[in-house]
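Asker: how would this look folded up:
(one chain, ligands or ions: 1)
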Amino acid sequence: MKTALHPYNDRKEVTVQAYTAEFGPKLDSHGRHRERPNARCPGCLEPLIIRGNDRPLQDQIFSHNRNENPPSCPLRNMADHRYAFLQPVPADTQRGRLLRADFFAHWQAHYGHMRRLLNGYMDVDDFIALIREADADRLWSRNQIEEWEITYIFLAWKEWPPVRNNRDEILRAEWLRFWFDSRVRTFEDIWIRTEGDPRIIKATYQNPARARIPSLQHLEDTRILYIDRNFLQANYRPAVDYVVTKLHQAFPNEVEAP
Ligand SMILES: [Zn+2]
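Answerer: Numbers count the residues shown, from 1 in each chain. As a prediction, the model looks like this:
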């Protein structure tokens, strides 16, 4: 991967170049191995090694060490990290009904924030499908969920393939995926195992083209996505009429026509 967690600072990402600038190159001026702290994997916090030491700095990458019993890590084994709720669908609660109403009152802020994190393009049908899935799963009534968490759960809930417009032109060429760090194996773990402070990793893949779904060989970059709990108060670009109309058609009681 091109970026990793800084050795000591959980709020800082480093490239191999930035890491080398801070901790020095692999060999000191006498050609001896330098003692350097390891950068860490944003997914599992395991120390990472640098691969491609014989290549130019900008081509070097961080990589997990070979390990007989590797820790579960979404960046190592993606198949282990498709999220679902393990607990059965709960009863509808009053709190859940209010949360759903709040979500619809601010749906444009959620939509705008998601679209921004998806590099500017989200198919409105995907957004609608996620809301329907949230309804079927009663996401609103689970785990004392907070409104700002919904957007991040939505992002991690599905794959984000390249987006085309209705003339079949490519709007976003990359395939995107969002993971929680390896403490999170099911959605319930977000609240149980991270004390409400999960890291989210955004992975960018080349369009897998004929391969149906991207695999590690298509991975281009991973970035830590620092959670913004205040995006609901921030400005967003209003959705265009076409999107509002679609939302209104899907949820006529909740969303007014444009
Ligand atoms: Zn890892």
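Asker: Roughly how far does the closest residue to residue 229 other than its chain neighbours sit from residue 7?
Answerer: With sequence-adjacent residues excluded and distances taken as CB to CB, 6 or more residues apart in numbering, residue 229 is closest to residue 148, at 4.9 Å. (C-beta placed from N, C-alpha, C; glycine too.) Counting by CB to CB, to the nearest Å, the separation of residue 148 from residue 7 is 30 Å.
Asker: Could you say which helix or strand holds the residue nearest the centre of the chain?
Answerer: The central residue of the chain, meaning the one whose C-alpha is nearest the mean C-alpha position (CA atoms, centre = their mean), is residue 178 at 2.5 Å. Using DSSP states H and E, residue 178 sits within strand 175-180.
Asker: And residue 96, by the same measure?
Answerer: According to DSSP H and E, residue 96 maps onto helix 94-105.
Asker: Give me the contacts around that helix.
Answerer: The contact list for helix 94-105 (CB atoms under 8 Å, 6 or more residues apart in numbering) reads 90, 110, 135, 138, 140-142, 144-145, 147, 150, 251, 254-255.
Asker: rerun at 7 Å
Answerer: For helix 94-105, the surrounding residues in contact (CB atoms under 7 Å, 6 or more residues apart in numbering) are 110, 138, 140-141, 145, 147, 150, 251, 254-255.
Asker: repeat for stretch 108-120
Answerer: With contact meaning CB under 7 Å, 6+ apart, stretch 108-120 is reached by 103, 121-122, 127, 150-151, 154-155, 160, 172, 174, 176, 225, 231-232, 236-239.
Asker: Ok, stretch 36-54 next?
Answerer: Outside of stretch 36-54, the residues that reach it under the criterion CB under 7 Å, 6+ apart are 4-8, 14, 16, 19, 23-24, 26, 59-65, 71, 73-75, 179, 181-182, 199, 201, 222, 224.
Asker: Any part of it near the ion?
Answerer: Yes - using CB under 5 Å from the ion, stretch 36-54 reaches the ion at 41, 43-44.
Asker: Show me which of those residues is closest to residue 31.
Answerer: Of all the residues of stretch 36-54 next to the ion, residue 31 sits closest to residue 41, with 29.0 Å by CB to CB.
Asker: Which positions in the strand or helix carrying residue 249 come out as buried?
Answerer: Mapping residue 249 onto the secondary structure by DSSP H and E places it in helix 241-250. Of the residues in helix 241-250, those with enough neighbours to count as buried (16 or more other CB atoms under 10 Å) are 243-244, 246-248, 250.
Asker: Nothing else from me, thank you.
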